[in-house]
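Asker: just a sequence and a predicted model for now, questions to come.
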Amino acid sequence: MNRETGKIHVVPELIEQKFEEQAWKHPKVEGVNPLPVDFATAEAFLEFVLEHEYQHTVLLKETDESLADYENRINNAALESLGLVT
């Protein structure tokens, strides 16, 4: 997400690669929880990625919030928005 323009730049090859790697099960940031879902298609994963990035625009990081806690909160909001968790 480019905060200046408000645009999300999607690289289809990268989405496909991350889908095949099941990146949502192996977070790169220490303390970020793996997502409790399995995406059936790269398109479903892309939908989550886009919603995740959108949530960054509406949920700002709290002053004392760790990066991991913030990313977990963003992930949970995106999953809830997509109806993937209750």
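Answerer: Everything's here; your move. Numbering: from 1, shown residues only.
Asker: close enough to count as contact, Gln55 and Glu71?
Answerer: No - counting by C-beta atoms under 8 Å, Gln55 sits too far from Glu71 to count as a contact (10.1 Å). Placement of C-beta: from N, CA and C, glycine included.
Asker: look up phi and psi at the nearest residue to Glu16 once chain neighbours are set aside.
Answerer: Nearest residue to Glu16 in three dimensions, chain neighbours excluded: Ala42, at 5.2 Å (C-beta to C-beta, 6 or more residues apart in numbering). Main-chain dihedrals, Ala42, degrees, to the nearest 10: phi -60, psi -30.
Asker: okay, now Ala42: neighbour count?
Answerer: 16 (other C-beta atoms under 10 Å).
Asker: what's the pLDDT at Lys25?
Answerer: Lys25 carries a pLDDT score of 97 in this model.
Asker: how much space separates it from His52?
Answerer: Lys25 is 15 Å from His52, where distance means C-beta to C-beta, to the nearest Å.
Asker: the two - which one has more neighbours?
Answerer: Neighbours per residue, other C-beta under 10 Å: of Lys25 and His52, the larger number sits with His52, 21 against 11.
Asker: thought that one was touching Ala78?
Answerer: Yes - assessed by C-beta under 8 Å, His52 is found in contact with Ala78 at 4.3 Å.
Asker: what distance do you get for Glu65 to Asn76?
Answerer: 13 Å.
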